[in-house]
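Peer 1: mind folding the following:
(chains A and B)
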Amino acid sequence: MDGLIEKLQDKSHQIRKEMLKMCIGAGKGHVTSCFSCVDVLVALYYGDLLRCDPQDPDWPDRDRFVLSKGQASPALYTILADLGFYDKSELKKFNKSGGMFAVHLQKDVPGVEITAGSLGQGYGVAAGIALGAKMNMELYNVYALLGDGECYEGSIWETAMFAAHNKLNNLITIIDRNYLCVTDFTENLIALEPFEDKWLSFGFNVVRVDGHCFEEIMCALKPLRSRTCDRPTVVIADTVKGQGTESLCYQPLWHGRAPSGEIADRCLAELDRRYQNV
Amino acid sequence: MSEVTQRDAFFDRLYELARADSDIVIVAADMSAPALDKFRRDMSAQFVNVGIAEQNAILIASGLAIAGKKVFAYAIAPFITLRCLEQIRVENGIMNIPITIVGMGTGLSYDSDGPTHHLIEDIAVLRAFPNVEIDSISDTVMAAAYAELSCDKKLTNYIRLDKDLYPTIYNPDYDFSQGIAQVESGSENIVIATGPMVHVARQIINSPQFEDSDIGLVDVFQIPINESVLLDMIDGAKRVITLEEHFLPGGLGSAVCEVLNDNGVSVGVKRLGLDINAGYKHCYKYGGREIIRSCHGIDKSSLEQVFAEHFCPQTESVTV
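Peer 2: Residues are numbered from 1 along each chain as shown, chains lettered A, B, ... in the order given. Reported below is the predicted structural model:
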């Protein structure tokens, strides 16, 4: 896996940088929310986990990726452009006149499965797709990426109960556990911990990983293609909101913003410095 | 009088259709019915019970629809609509994922259950969403027809089912595709009604008191309203009454007035329905649906008087 891990690290740096530049250029975007889940996304799309075809976005056998935390759309848009779902020049038009996408996830962008932005909804749709796949005897996986703050929405738990009861082991839930919401840390706000216990008690196979460690992400997700468990799996990925740029980390008020001016330059330099030290 | 409810007529037809089409799936929020029990027993693979979780019902139904299924999300009407408004807005309005939402017990159907179980705001609320069609069922023939029509719709439709038994209005082979029907002919005076109020209006118009009056009756069962057909049906009318078991703001009467106004039709319209200024207090009047209606002036005897005053000004009303 050595070569692959290095490849994923390189890709992760590239995506972070392109995404940050895109958001700086637009003056918009949930940059820190993207930075926390970029490594999970890179593992999925470049680590031979998620099956998709940029030349045929609607390929019936593709795995479905449902980005329920729709505010992380800039990270996904950057990856989809890099993979060739559409031209990279689209990134320069982010949130601009004539552009095809902006802050929240939009279904009609090639490679995107749902529209998201209202939290707690994509997950239920993902479970419905997974159930439909089982009814149709189709073998694709449905990956749903949730934010930890999104788990305050009651509908998440309605879906969790449903997914476990119906043994949707083709539904792979990944939670970007970055411990931050809009105004405060989750454990100050309303405690989510013991988070693993909650999902365990709902009937899930629970795996907890360092969401910035490709070895751990790959080890958690790779076996799931073989349906190693009859229950649905949730991968709780511990992450840092803003990972890669010290200037944006651990500060709730960076939620939903893109840096500008001097801070933007500093963030880009921090990304490069961190990459050289990997 | 029909011997089956609109619900059983709807699910009986859906049962037949689902036997031949395994893509038809019901997502129920812990609801039963004789016709539904049969479906669950004989086609368990096409029946999903999500428990008392209507918001999840809409989400699961929408996911199943993405996976190619023809999905019917079914629950008590206020809960499968108003409780799930944002799910309906995002999945069905914004994303335009087509499902069929089946609401049992619209209007004052659950008359003895209080306002939590009444649904007297749904037309106003749901007609604000693009890609969502409201199908306000008035008889069992229509209910069965809409089970079939729903399977091929390219947008989300919401089936309003009433709980009570009513006479049958339509012939078994009636074509409901226009979304609107002239139930009683008349040219000078027209009542435009929906759902159960079509029956009330029909009873009044056919009563001896009005046998010599020129009063037509139009059943609007699909909203957005088919404008051109409505305009044809009321062409030349001098007076119009709209009638619904729904709060007046935003309901059928509002929708009709919008059509008339937007098309430059100048005709006097009297809107009859539930008085929003009364709030929900009358919903706690027990003893039957007609008692609640009477508080709002839309029970049969109040309506007889209003029809007489509005449509037959020369008719002398009873004076004491």
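
Peer 1: name the element the residue in chain A that chain B sits nearest to belongs to?
Peer 2: When distances are taken as Cβ to the nearest Cβ, chain A reaches nearest to chain B at A:Gly128, 1.8 Å away. In short, each C-beta sits where N, CA and C put it, glycine included. In this structure, A:Gly128 is located in helix A:122-135 according to DSSP states H and E.

Peer 1: and that helix, average pLDDT?
Peer 2: Per-residue pLDDT over helix A:122-135 has a mean of 98.

Peer 1: phi and psi next, for B:Ala143.
Peer 2: Dihedral angles of B:Ala143 (phi, psi; degrees, to the nearest 10) stand at phi -60, psi -50.

Peer 1: which ones are touching it?
Peer 2: In this structure, B:Ala143 makes contact with B:6-7, B:9-10, B:13, B:137, B:159, B:161, judged by Cβ atoms under 8 Å, 6 or more residues apart in numbering or on different chains.

Peer 1: can we see that at 7 Å?
Peer 2: Neighbour list for B:Ala143: B:6, B:9-10, B:137, B:161 [criterion: Cβ atoms under 7 Å, 6 or more residues apart in numbering or on different chains].

Peer 1: that one and B:Leu108, how far apart?
Peer 2: 18 Å (Cβ to Cβ, to the nearest Å).

Peer 1: same question for B:Lys238.
Peer 2: Remark: distance between B:Lys238 and B:Leu108 (Cβ to Cβ) = 31 Å.

Peer 1: of the two, which one has the most company?
Peer 2: Residue environment comparison for B:Lys238 versus B:Leu108 gives the larger neighbour count to B:Leu108, 30 against 13, counting by other Cβ atoms under 10 Å in any protein chain shown.

Peer 1: right, and B:Met43 touches B:Leu17 too?
Peer 2: No. Look at B:Met43 against B:Leu17 with Cβ atoms under 7 Å: they stay out of range, at 10.8 Å.

Peer 1: name the surrounding residues that touch the lengthiest helix in chain B.
Peer 2: Using DSSP state H, we find that the single longest helix of chain B is helix B:6-20. Helix B:6-20 is touched from outside by B:24, B:33-36, B:38-39, B:43, B:46, B:72, B:104, B:137, B:140, B:143-144, B:146-148, B:151, B:159, B:161-162, with contacts defined as Cβ under 7 Å, 6+ apart.

Peer 1: do the same with stretch A:34-43
Peer 2: Stretch A:34-43 is touched from outside by A:8, A:11-12, A:15-16, A:19, A:49, A:72, A:74-76, A:79, A:145, A:174, A:176, A:178, A:211-212, A:214, A:217-218, A:221, A:237, A:239-245, with contacts defined as Cβ under 7 Å, 6+ apart.

Peer 1: for stretch B:84-91, same thing?
Peer 2: A:115, A:118, A:121, A:125, B:54-55, B:58-59, B:62, B:97, B:125, B:129, B:132.

Peer 1: by neighbours, which of the residues you listed wins?
Peer 2: Neighbour counts for the contacts of stretch B:84-91 peak at B:Ile58, which has 36 neighbours (criterion: other Cβ under 10 Å).

Peer 1: which ones are touching it?
Peer 2: When contacts are taken as Cβ under 7 Å, 6+ apart, B:Ile58 is in contact with B:73, B:84, B:87-88, B:91.

Peer 1: and for B:Met31?
Peer 2: For B:Met31, the contact set (Cβ under 7 Å, 6+ apart) comprises B:74-76, B:104.

Peer 1: closest one to B:Phe307 out of these, please.
Peer 2: The shortest distance between B:Phe307 and any of those, using Cβ to Cβ, involves B:Met104 and amounts to 30.4 Å.

Peer 1: so which bits of chain B are right by chain A?
Peer 2: Within chain B, the residues that sit near chain A (Cβ under 7 Å from any Cβ of the partner chain) are B:45, B:50, B:53, B:55-56, B:59-64, B:66-69, B:86-87, B:90-91, B:94-95.

Peer 1: and if we set it to 6 Å?
Peer 2: Those residues of chain B that sit near chain A, judged by Cβ under 6 Å from any Cβ of the partner chain, are B:50, B:53, B:55-56, B:59-60, B:62-64, B:66-67, B:69, B:86, B:90, B:94-95.

Peer 1: can you pull the buried residues of the helix or strand bottoming out on mean pLDDT in chain A?
Peer 2: Every helix and strand in chain A was compared by mean pLDDT, DSSP states H and E; the lowest is helix A:261-277, with a mean of 93. Under the neighbour-count criterion of 16 or more other Cβ atoms under 10 Å in any protein chain shown, helix A:261-277 has A:264, A:267-268, A:270-271, A:275 buried.

Peer 1: so for the longest helix of chain B, mean pLDDT?
Peer 2: The pLDDT scores in helix B:6-20 average 97.

Peer 1: what does the stretch 151-278 of chain A put close to chain B?
Peer 2: A:155, A:158-159, A:162.

Peer 1: I'd like to know which elements the helix holding A:Gly128 is packed against.
Peer 2: The elements that helix A:122-135 packs onto, with contact taken as 3 or more Cβ pairs under 6 Å, 6 or more residues apart in numbering or on different chains; DSSP states H and E, are strand A:64-67, strand A:142-147, helix A:154-165, helix B:54-66.
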